[in-house]
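> Sharing a sequence plus its predicted fold:
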Amino acid sequence: MPSITVEPCTFALFGALGDLALRKLFPALFQLDQADLLHADTQILALARDAGEPQQYIATIENALRGYIDAKNLDEGVMQRFLARLSYVRMDFLQADDYQQLAGQVAGDKCLIAYFATPASVYGSICANLARVGLVDRTRVVLEKPIGHDLASSREVNNAVAQYFPETRIYRIDHYLGKETVQNLIALRFANSLFETQWNQNHISHVEITVAEKVGIEGRWGYFDQAGQLRDMIQNHLLQLLCLIAMDPPSDLSADSIRDEKVKVLKALEPITAEQLSQRVVRGQYVAGNSAGKAVPGYLEEENSNTESNTETFVALRADIRNWRWSGVPFYLRTGKRMAEKMSQIVIHFKEPPHYIFAAEQRPLISNRLIIRLQPDEGISLQVMTKDQGLDKGMQLRSGPLQLSFSDTYQSARIPDAYERLLLEVMRGNQNLFVRKDEIEHAWLWCDQLIDGWKRLGDKPKPYAAGSWGPMASIALITRDGKAWYGDL
Ligand code: BG6
């Protein structure tokens, strides 16, 4: 039996037939049910506008579950229990009258969780309509990203929601915060004095954060072309990772203590002026190439594309944090679509020992690195220097890993999908893993200046072949500082 208890709730999913709901949210709810983490009285309302019979929708959801969850990991008894929790409610989210029917379905005094898997432009209207039918006091709202496309539009969305809901009942999703290894970052940093004492500019030379995706745009050209990789990935996922690495120890694990520390980091990010852009930031756009041994089209040849777009599918940049702890320690961030591999990792490069006594040719080898691997093969590895074994080796050094692989170490435990953890935490009323309004706003403020700079300079993204590690300029970005991306070392 699970060691935590979860209260019953009504889980109302707005946009229940969208890709996110079918691919992530229903499978996550199902897995929670299978792990006995949904209360017996929890009911799920699937809300969408499409016409059709309720039974058809339940069948669509069942098919999606069977598509995403391996048959051998799926308990048929739980499937029946899960389907019995589901009701389909057909409604137009902008029609106030349709909310009466919803109110009728939200029974008793259970908490209502309203999950908005819809465009952010309708969040405000949904909140107003929920308020009209008295569904505010016991409601938590969950907002999917993207919340706006710049500071002004994100404020508009946040303010519209804030008219009806206090910040303590608003859960903004950044699904990276629900990933197992990201969670482990907090444990690693603050449950081991070994690291925390070294975690500053005296001992760390630089930090790399790479989130590389192998996939291209996958039928999302329309959305993506308006956004680009900076808004889609850096503004949220990569800056969140940077905050967790760079923040000071919070005084406790409460949501606000953690978020206060993250906001301090965002505020301390050094602005990058238009004049510095060419040295500090690289934008790229993939052209045709090869992925997994197959020829794949370039960004401008994808379905529904146009040939004029200057939208970036890759960004590499150097961020600096203006505070005592990180002064002089660059953070290199890199993310792109259609790259060589799907791989997300953080590499902390420690400084060389202050006095060097080994053979000169071995010097480039020397430095400790802590590698935090988010996906695939979640794990943490510390590269340490040891002596090569053997009589004939003299004092030859080698770099080897002290390794903690989560999948090997905790073999029996399935690594849960990020959404499982996030949905569970919403049901438990814990905001730790959710992004506060001021975090989003400071992240936009920093990203907006980059976008404005690009616009002002008429910057065009640099081409890179699909299936590569990005434009050459992204290598120059780091080698200019006498460093190299881990893996290129
Ligand atoms: C989403 C982005 O937030 O994250 C997508 O909108 C991206 O473009 C996805 O593909 C990556 O998530 P993950 O968990 O697969 O790394």
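Alright, I've got the coordinates.
> Can you read off the backbone torsions of Glu308?
phi -100, psi -20 (degrees, to the nearest 10).
> Neighbours of it, how many?
Per other Cβ atoms under 10 Å, the neighbour tally for Glu308 reads 7. In short, each C-beta sits where N, CA and C put it, glycine included.
> Tell me the buried residues in the biggest helix by length in the chain?
Longest among the helix segments of the chain by residue count, using DSSP state H, is helix 437-457. For helix 437-457, the buried set under the neighbour-count rule, 16 or more other Cβ atoms under 10 Å, comprises 437-451, 453-454.
> what helices or strands is that helix leaning on?
Counting contacts by 3 or more Cβ pairs under 8 Å, 6 or more residues apart in numbering; DSSP states H and E, helix 437-457 packs against helix 151-162, strand 170-172, helix 239-246, helix 255-268, helix 277-280.
> and the next element down the chain from it?
Once the chain leaves helix 437-457, the next helix or strand it forms, by DSSP states H and E, is strand 462-465.
> So what are the sheet partners of that following strand and their directions?
Partners of strand 462-465 in the sheet, by DSSP bridges, are strand 281-287 (parallel).
> Can you give the distance of the partner strand from its chain's centre?
Distance of strand 281-287 from the chain centroid (Cα atoms, centre = their mean, to the nearest Å) equals 21 Å.
> Just want the angle from it to helix 437-457.
For strand 281-287 against helix 437-457, the angle by axes from the mean of the first three to the mean of the last three Cα atoms, to 10 degrees is 80 degrees.
> So which residues make contact with strand 281-287?
Residues outside strand 281-287 that contact it (Cβ atoms under 8 Å, 6 or more residues apart in numbering): 216, 229-230, 272, 298-300, 309-318, 336-338, 450, 454, 459, 461-466, 470-471, 473-474, 477.
> For burial, what's the neighbour tally of Gly458?
Quick note: Gly458 (other Cβ under 10 Å) scores 7 neighbours.
> Hmm, I typed the wrong one, I wanted Ala71.
Neighbours of Ala71 (other Cβ under 10 Å): 7.
> any idea of the pLDDT on it?
For Ala71, the pLDDT comes out at 90.
> next helix or strand past the lowest-mean-pLDDT helix or strand in the chain?
When each helix and strand of the chain is scored by mean pLDDT, DSSP states H and E, helix 406-409 comes last, with a mean of 68. Per DSSP H and E, the first helix or strand lying C-terminal to helix 406-409 is helix 418-428.
> Provide the contact partners of that following helix at residue level.
4, 6-7, 9, 11, 24-25, 27-29, 31-32, 37-38, 42, 111, 113, 115, 140, 142, 171, 173, 175-180, 183, 431-434.
> Which of the residues you listed fall in helices?
Using DSSP H, the contacts of helix 418-428 in helices are Pro27, Ala28, Leu29, Gln31, Leu32, Glu180, Gln183.
> Please dump those into TSV; it should also carry distance to Tyr223 for every row.
As requested, the ones in helices among the contacts of helix 418-428 are arranged in TSV below (distance: Cβ to Cβ, whole Å):
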residue	distance to Tyr223
Pro27	22
Ala28	22
Leu29	24
Gln31	27
Leu32	28
Glu180	28
Gln183	28
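> show me what contacts Cys268?
I think there's a mix-up here, since residue 268 is Ala and not Cys. With contact taken as Cβ under 8 Å, 6+ apart, Ala268 is in contact with Ile321, Arg322, Asn323, Trp326.
> Try it again at 7 Å.
By Cβ atoms under 7 Å, 6 or more residues apart in numbering, Ala268 lies in contact with Ile321, Arg322, Asn323.
> Surely the first one touches Asp248?
No - taking contacts as Cβ atoms under 7 Å, Ile321 lies outside contact range of Asp248: 11.3 Å.
> which of the two has more neighbours?
Using other Cβ under 10 Å as the criterion, Ile321 and Asp248 rank with Ile321 on top: 25 against 15.
> How about the more buried one, nearest residue that isn't a chain neighbour?
Once flanking residues are discounted, Ile321 sits nearest to Ala268: 5.0 Å by Cβ to Cβ, 6 or more residues apart in numbering.
> nearest residue to the residue nearest the centre of the chain other than its sequence neighbours?
When Cα atoms, centre = their mean is applied to the chain, the residue found nearest the centroid is Tyr176 (2.7 Å). Nearest in space to Tyr176, with sequence neighbours left out and distances taken as Cβ to Cβ, 6+ apart, is His237 at 4.3 Å.
> Quick check: bridge partners of Leu143?
What pairs with Leu143, by the bridge criterion (DSSP bridges), is Phe116, Arg172.
> any idea how far it is from Ser367?
According to Cβ to Cβ, to the nearest Å, Leu143 and Ser367 sit 41 Å apart.
> what about those two, which has more around it?
Neighbours around Leu143 and Ser367, counted as other Cβ under 10 Å, are more numerous at Leu143. The numbers are 25 against 16.
> ok, the more buried one touching Arg172?
Yes - taking contacts as Cβ under 7 Å, Leu143 lies within contact range of Arg172: 4.9 Å.
> re the thing from before, help me confirm that the residue nearest to the centre of the chain comes into contact with Ile209.
No - applying Cβ under 7 Å as the test, Tyr176 and Ile209 come out as separate, 10.8 Å apart.
> intersection of neighbour lists for Leu143 and Arg172?
Common neighbours of Leu143 and Arg172 (Cβ under 7 Å, 6+ apart) do not exist.
> which among the ones in helices among the contacts of helix 418-428 gets closest to Ser381?
Glu180 (15.4 Å; Cβ to Cβ).
> which residue packs closest to that closest one, ignoring adjacent ones?
Spatial nearest neighbour of Glu180, excluding adjacent residues (Cβ to Cβ, 6+ apart): Ile415 at 5.2 Å.
> any idea how far that neighbour lies from Glu378?
Counting by Cβ to Cβ - Ile415 and Glu378 are separated by 6 Å.
> and what of Ala191?
To Glu378, Ala191 is 18 Å away according to Cβ to Cβ.
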